[in-house]
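1. have a look; sequence and predicted model below, questions after that.
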Amino acid sequence: MSQESASTSKAPVMSAEEKLHMAQLYADCREIVEGKFTSASRTTEDPKQKAFQRVADELMAMGVAIRTPKQVQQKINNLKKR
């Protein structure tokens, strides 16, 4: 397997337990993620990105698969569309 194909491989499908846990964590930080306020300073991390990072860290702690903040954000957006 080449290095390029290893870095572009798809993550496993998110389990029902992961989705439920992600929804609970998202509900806890919904005000931050859905809020219109963004960080005005370039030196501090965006609160929305911190929230997605926290959710991703919690999902990775479950030990099912490695989840990035970008994957978490995309999954939440997809679930909101349903």
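-> All right, it came through fine.

2. tell me which element residue 80 is part of?
-> helix 69-81 (DSSP states H and E).

3. that helix packs against which elements?
-> helix 16-28, helix 47-61 (3 or more C-beta pairs under 8 Å, 6 or more residues apart in numbering; DSSP states H and E). Bear in mind the C-beta positions are built from the backbone N, C-alpha and C, glycine included.

4. which of the residues in the longest one are buried?
-> Read that as helix 47-61. Within helix 47-61, the residues scored as buried using 16 or more other C-beta atoms under 10 Å are 47, 48, 51, 52, 54, 55, 56, 58, 59.

5. my guess is residue 66 contacts residue 11, does it?
-> Yes: Residue 66 lies in contact with residue 11 (C-beta atoms under 8 Å); the separation is 7.0 Å.

6. joint contacts of these two?
-> Both residue 66 and residue 11 lack any common contact, where contact means C-beta atoms under 8 Å, 6 or more residues apart in numbering.

7. ok, now which ones touch the residue most central in space within the chain?
-> Centroid check for the chain by C-alpha atoms, centre = their mean gives residue 72 as the closest residue, at 2.3 Å. Contacts for residue 72 (C-beta under 8 Å, 6+ apart) come out as 22, 52, 55, 56, 59.

8. where's the last one relative to residue 12, distance?
-> Spelled out, it's residue 59. According to C-beta to C-beta, to the nearest Å, residue 59 stands 12 Å off from residue 12.

9. what's the overlap in contacts for those two?
-> In contact with both residue 59 and residue 12: residue 65, using C-beta under 8 Å, 6+ apart.

10. any idea of the pLDDT on residue 14?
-> The confidence metric pLDDT takes the value 87 at residue 14.

11. go on, residue 42?
-> 64.
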